[in-house]
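K.L.:
Structure for the following, please:
(one chain, ligands or ions: 1)
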Amino acid sequence: MYHIPPTPHGLELNCKGWQQEGIYRMLLNSLDEDVAENPQELVVYGGAGKAVRDYPALVNTLRALRSLDGDETLLIQSGKPVAVFQTQPLAPRVIISSSWLVPHWATWEVFWELEKEGLTSYGQATASSWAYIGAQGTLQATADTFSGAAEEFGGSLAGRLVLSSGLGGLGSAQPLAVEMNGGVAIIVEVDEVKIRRRLRTNYCQIAVNTLDEALAEAGEALKKKVPLSIALHGNAADVYPEMLARGIIPDVVTDQTAAHDLLEGYVPSGLSVGEAAKLRKEDPCLYIQLALESICRHVTAMLEMKRRGAIVFELGNNLREQALRGGIEDAFIIPSYSTLYLRSSFCKGRGSFRWIALSGEPADIYRIDNALLKEFAHDKQLKRWIEFAQQRIPFQGLPARACWLQYEQREPFARLLNEMVQKGSLKAPVAITRCQLDGGSVSSPLRETESMLDGSDAIADWPVLSALLHAATGATCVSLSHGGGVGIGYSVHAGMTVVVDGSVEIANRLEQVLMVDPAMSIIRFADAGYDVSKKLAATHGLGLGTS
Ligand code: NAD
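P.N.:
This next block holds a predicted model:
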């Protein structure tokens, strides 16, 4: 058993300043047992997404952060601390590069070989950048997705059945997101431990062991048009075809197993979680073959449900590409949730934003909620979200709030936060970061940048520019990762965290740091030819207006 120190709370510093302390707490928070999916393996979420490469790397990183001066920068190479450089006070305190391979060699097979040699580690997106805050982090994107689907039914999922699978780190946002839209969710999950965890944390209402029980519970709720979430213990590759065989076509169908990683993320039909773990070690080739066969059955059922009228989409896990690899040639008839439901937000620079109370005190988050609601009193969508979050979203680890904000909202919000820390209205500084499901800091041709207007899906310069700009504007931690979400070879993400410590130094650069994400989102989509982004770029004086 590894000893992972608890996340420090309160005002006592372990590091030489709040900038370093904030990142130190974010790292430990991402490995907190209420936050991470498997902290003993250092796995945070998303299949095998790790915060650090191994236990010695964790110990060395914590030690390096404790002794890091305010004019030095710590370098992390795929989960391992490699150097501290003398830089300057306005430079990032930590720079992270995760899971990169030179493009010609960027395949899972090469990656696993190198990982076995101890040379790299799989960092997902927010795992390796220490910005993960639990299922809440992806809840708004998932809720916006189901709300987009609800538009097909007049704006609500009341009386509608949603079928999905996977109740892992991010997948567990699904049942709550369906309920938020008034619908009934059956979510298939192969691991009983995950199901118990989601019941305990209120992300899911009830659990059953058979499809008959699930359908009976769902039937009652659908008749009464009341929201309900049901976790069904089983394998998606069995349950989807079984529903089809019974002639049951849900209104909405998707999936959020960690299918991007055939070896670590998808459990083949016929194996328990324990048997899967054993086979994975003993015969990885056979495991991958069985996982692919199961995914093909799973996706074949989804395609047939689509033909029979269901709204079917992929939820960011590369399921379609795996099915294609397994021989399902029409897998891409299924669209991506990102193009269907999130692109319009990205075009406008609206996107993920989250803040974490480094004090460890929930009261700090409630104080920020109140200030936010006062500052943006006219924003009804924001008000609804914060009120819902207060009632239904449990804190995991350090208290945090995730909330998508528009371009114009970031600067006043940042100013407000820094003033609150400075005046002592909050017990301690706050970290601001975001999800890496984002408009301007991601290149992911099977997700955020699928089917771009100008065909620039695979152009990967944008996240690189985003990371460089975050370093230039003085974010506290800047990261650039490969393979998050959809897997090695398929995506590039940039991440950032800034510690709002109430100081004049931070006040002077916060506005620039927080403008990078929404501005890059608008510029990226304007450059690709989206009219709404071009207009916004012109209105806000962003970009050079040459596209
Ligand atoms: P996770 O590894 O924590 O959870 C995956 C879950 O799927 C596990 O609980 C596992 O037991 C279950 N599972 C695996 N095979 C199954 C099967 N055949 N039938 C039923 N259940 C099965 O992963 P996560 O953090 O929940 O992420 C899920 C996927 O979403 C990943 O591929 C991730 O990269 C992707 N992702 C999505 C978003 C988004 O916002 N939509 C963002 C980032 C990543």
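K.L.:
Walk me through the domains of this structure.
P.N.:
For the chain, automatic domain parsing gives the domain ranges 25-134+343-529, 141-335.
K.L.:
Span of the last one from start to end?
P.N.:
Counting by Cα to Cα, to the nearest Å, you get 16 Å between the two ends of domain 141-335.
K.L.:
Show me how far the host helix or strand of residue 513 is from its chain's centre.
P.N.:
Residue 513 belongs to helix 504-527 when elements are defined using DSSP states H and E. Helix 504-527 has its C-alpha centroid displaced from the chain centroid by 20 Å (Cα atoms, centre = their mean, to the nearest Å).
K.L.:
got the contact list for the helix or strand following it?
P.N.:
Next helix or strand after helix 504-527 toward the C-terminus (DSSP H and E): helix 531-540. Contact with helix 531-540 is made by 344, 347-349, 407, 519, 522-526, 542-543, 545, 547, as judged by Cβ atoms under 8 Å, 6 or more residues apart in numbering. Placement of C-beta: from N, CA and C, glycine included.
K.L.:
Which positions within stretch 270-289 qualify as buried?
P.N.:
By neighbour count on 16 or more other Cβ atoms under 10 Å, the buried set for stretch 270-289 is 271, 276, 279-280, 287-288.
K.L.:
Distance to the ligand, pLDDT and secondary structure for the residues you listed - can I get that in TSV?
P.N.:
Formatted as TSV, the buried residues of stretch 270-289 follow (distance: Cβ to the nearest ligand atom, whole Å; pLDDT from 0 to 100; DSSP: H, G, I helix; E, B strand; the rest coil):
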residue	distance to the ligand	pLDDT	secondary structure
271	9	98	coil
276	8	98	helix
279	13	98	helix
280	12	97	helix
287	12	98	helix
288	13	97	helix
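K.L.:
these two touch, right, residue 141 and residue 353?
P.N.:
No - using Cβ atoms under 8 Å, residue 141 makes no contact with residue 353, being 11.7 Å away.
K.L.:
Spit out the residues that contact these two alike.
P.N.:
Taking Cβ under 8 Å, 6+ apart as the contact rule, residue 141 and residue 353 both touch residue 404.
K.L.:
Take the domains of the chain and lay them out in CSV including distance to residue 535.
P.N.:
Shown next, in CSV, are the domains of the chain (distance: least, Cβ to Cβ, whole Å):
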stretch, distance to residue 535
domain 25-134+343-529, 8
domain 141-335, 22
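K.L.:
Tell me how many other residues crowd the residue in the stretch 351-500 of the chain that the ligand sits nearest to.
P.N.:
Using Cβ to the nearest ligand atom, the closest approach of the stretch 351-500 of the chain to the ligand is made by residue 485 at 4.0 Å. Counted with other Cβ atoms under 10 Å, the neighbours of residue 485 add up to 26.
K.L.:
any idea how far it is from residue 155?
P.N.:
29 Å (Cβ to Cβ, to the nearest Å).
K.L.:
Just the helices from the stretch 201-350 of the chain, written as ranges.
P.N.:
Using DSSP state H, counting those that start in this stretch, the helices of the stretch 201-350 of the chain run over residues 211-224, 236-245, 273-282, 284-307, 319-325, 337, 343-347.
K.L.:
which one is residue 327 nearest to, not counting chain neighbours?
P.N.:
residue 296 (6.4 Å; Cβ to Cβ, 6 or more residues apart in numbering).
K.L.:
my guess is the one you found contacts residue 324, does it?
P.N.:
No - using Cβ under 8 Å, residue 296 makes no contact with residue 324, being 9.6 Å away.
K.L.:
who in the protein is up against the ligand?
P.N.:
By the rule Cβ under 6 Å from any ligand atom, the part of the chain lying against the ligand is 37, 45-47, 138, 141, 165-171, 188-191, 194, 235-237, 256-260, 265-267, 294, 315-317, 437, 485.
K.L.:
what's the span of stretch 370-385, first residue to last?
P.N.:
13 Å.
K.L.:
Please apply the same query to stretch 389-398.
P.N.:
End-to-end distance (Cα to Cα), stretch 389-398: 15 Å.
K.L.:
now swap in stretch 27-39 and tell me
P.N.:
End to end - Cα to Cα - stretch 27-39 spans 12 Å.
K.L.:
which parts of that stretch are buried?
P.N.:
Residues of stretch 27-39 classed as buried: 27-32, 34-39 (neighbour count, 16+ other Cβ under 10 Å).
K.L.:
what is the rounded mean pLDDT of it?
P.N.:
Computed over stretch 27-39, the mean pLDDT rounds to 97.
K.L.:
What of stretch 291-302?
P.N.:
Stretch 291-302 shows a mean pLDDT of 98.
K.L.:
Give me the residues contacting that stretch.
P.N.:
With contact meaning Cβ under 8 Å, 6+ apart, stretch 291-302 is reached by 235-237, 240-241, 243-244, 253, 255, 259, 262-263, 266-269, 312, 319-320, 322-323, 325-328, 331, 334.
K.L.:
Repeat that for stretch 213-223.
P.N.:
Here stretch 213-223 makes contact (Cβ under 8 Å, 6+ apart) with 159-161, 184, 186, 206, 208, 227-228, 230, 232, 248.
K.L.:
and what of stretch 262-271?
P.N.:
46-48, 108, 112, 190-191, 235, 237-238, 257-259, 273, 276, 279-280, 284, 287-288, 290-295, 297, 317, 322.
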